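Asker: Provided below for reference: sequence and predicted model.
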Amino acid sequence: MSRRRFTEIIVCHHLENDGLPLTLKLTASGFFLQLTGLDDTSMKNLDMPAKFINITRKGHKTISCSTLELIKYNNRMNESLNEIYVMSCKYFFIRFIFLSIK
């Protein structure tokens, strides 16, 4: 699944359910949700829905968080990447052996 499509699916899902101005961000450790664009008063009085976990406030105008669903997607993505790495290594190893025999 392409990163862009993944982003559209996740953000649309959370926007439909929560009505929060969320964006999906990617770091080396995986995807997470970021809430920005609210004024200081709104940020202070904001009660995040219970499904959001690992809530971190960064400054006065940014909140980063995740959900169990997003963590599961990150795990599946990492498993897929690992499988691709394993298959690639096998391919290059077999090719190396084959060329060495010639």
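Answerer: That came through, no problem. Numbers count the residues shown, from 1 in each chain.
Asker: Which secondary structure element is home to Ile53?
Answerer: strand 52-58 (DSSP states H and E).
Asker: Please list the outside residues in contact with that strand.
Answerer: Contacts of strand 52-58 with the rest of the structure, by CB atoms under 8 Å, 6 or more residues apart in numbering, involve Phe32, Leu33, Met43, Met48, Ile63, Ser64, Cys65, Ser66, Thr67, Leu68. C-beta coordinates here come from the backbone N, C-alpha and C atoms, glycine included.
Asker: By neighbours, which of these wins?
Answerer: Within the contacts of strand 52-58, Leu33 tops the neighbour count with 22 neighbours, counted by other CB atoms under 10 Å.
Asker: Please identify the buried residues of stretch 29-42?
Answerer: Going by neighbour count (16 or more other CB atoms under 10 Å), the buried part of stretch 29-42 is Phe31, Phe32, Leu33, Gln34, Leu35, Leu38.
Asker: The closest residue to Ser29 other than its chain neighbours: what's it in contact with?
Answerer: The shortest distance from Ser29 to any non-neighbouring residue, by CB to CB, 6 or more residues apart in numbering, is to Asn74 (8.0 Å). Asn74 is in contact with Ser29, Gly30, Phe31, counting by CB under 8 Å, 6+ apart.
Asker: Tell me where the chain is predicted with low confidence.
Answerer: Along the chain, segments meeting pLDDT under 70 span 1-3, 6-8, 10-18, 40-45, 102.
Asker: again, 80 this time
Answerer: The chain contains residues with pLDDT under 80 at 1-21, 37-48, 59-60, 90-102.
Asker: pull the longest helix from it.
Answerer: helix 68-101 (DSSP state H).
Asker: Name the SS class of the most centrally placed residue in the chain, please.
Answerer: Compute the mean C-alpha point of the chain, and by CA atoms, centre = their mean the closest residue is Phe31, 1.7 Å away. Assigned by DSSP: H, G, I helix; E, B strand; the rest coil, the conformation of Phe31 is strand.
Asker: Pop out the phi and psi values for Met48.
Answerer: Torsion angles at Met48 (phi, psi; degrees, to the nearest 10) stand at phi -70, psi 140.
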